[in-house]
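Novice: Sequence isn't available, so here's the structure alone:
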């Protein structure tokens, strides 16, 4: 499974786990850097998925508004 194929919920769970590990502060520096990098990738992935969903909703709502407008004419 590539990074783009990770479901949003799974990516969020992984990101939350990484944040917890980093917040504990007992992670060796090398591991902390790797966790941070993976967290940034997951954060970017989640952000992209949210933006995509928002665009789909805006498009859908625009289509529905047009349908309602056309029905009233």
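Specialist: Structure's in. What do you need? Keep in mind the model is a prediction, meaning the values are calculated, not measured. Numbers count the residues shown, from 1 in each chain.
Novice: Residue 14: what's its closest spatial neighbour, skipping adjacent residues?
Specialist: residue 42 (5.6 Å; C-beta to C-beta, 6 or more residues apart in numbering). Bear in mind the C-beta positions are built from the backbone N, C-alpha and C, glycine included.
Novice: Can you list the helices and strands that the longest helix along the chain packs against?
Specialist: When the chain is parsed with DSSP state H, its longest helix is helix 29-71. Judged by 3 or more C-beta pairs under 8 Å, 6 or more residues apart in numbering; DSSP states H and E, helix 29-71 is in contact with helix 8-24.
Novice: What is the distance between the helix it packs on and the centre of its chain?
Specialist: Averaging C-alpha positions (C-alpha atoms, centre = their mean, to the nearest Å) puts helix 8-24 12 Å from its chain's average.
Novice: any idea what sits nearest the residue nearest the centre of the chain, other than its immediate chain neighbours?
Specialist: Centroid-nearest residue in the chain: residue 46, 1.3 Å away (criterion: C-alpha atoms, centre = their mean). Among residues not flanking residue 46 along the chain, residue 11 sits closest, at 5.2 Å (C-beta to C-beta, 6+ apart).
Novice: Look at residue 30 and say how many residues are nearby.
Specialist: Residue 30 has 8 neighbouring residues, counting by other C-beta atoms under 10 Å.
Novice: go on, residue 43?
Specialist: Using other C-beta under 10 Å, residue 43 is surrounded by 15 other residues.
Novice: what do you get for the one 5 residues further on?
Specialist: Taking other C-beta under 10 Å as the neighbour definition, residue 48 ends up with a count of 12.
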